[in-house]
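Only the shape, not the letters, is given here:
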């Protein structure tokens, strides 16, 4: 679902977006529906369903 090799943070940084996405993917794989509410849709949507938090109702 995501383009491999596309960095989302500096190579020396711990990427919180990827950690959050990994947790969401675990939930999806367990059969749960997951939507991440964020202002950082660009990075997170590479991995999981991420939407602008103001647009979620």
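That came through, no problem. Because the structure is a prediction, the values reported are computed rather than measured.

Give me the nearest residue to the residue nearest in space to the middle of the chain, chain neighbours excluded.
The centroid of the chain falls nearest to residue 44 when counting by CA atoms, centre = their mean (3.1 Å). Leaving aside its chain neighbours, residue 44 sits nearest to residue 50 (3.6 Å; criterion: CB to CB, 6 or more residues apart in numbering). From N, CA and C alone the C-beta is placed, and that goes for glycine too.

how about residue 24, what does it touch?
Residue 24 sits next to 34, 36, 47-49 when contact means CB atoms under 8 Å, 6 or more residues apart in numbering.

any idea which of these is least confident?
Minimum pLDDT for the contacts of residue 24 is recorded at residue 47 (88).

quick one, phi psi at residue 51?
Backbone torsions for residue 51, taken as degrees, to the nearest 10, come to phi -140, psi 150.

what's the weakest-modelled helix or strand in the protein?
Every helix and strand of the chain was ranked by mean pLDDT, DSSP states H and E. The lowest is helix 41-44, at a mean of 87.

Show residues contacting that one.
The contact list for helix 41-44 (CB under 8 Å, 6+ apart) reads 8, 17, 20-21, 36, 38, 50-52.
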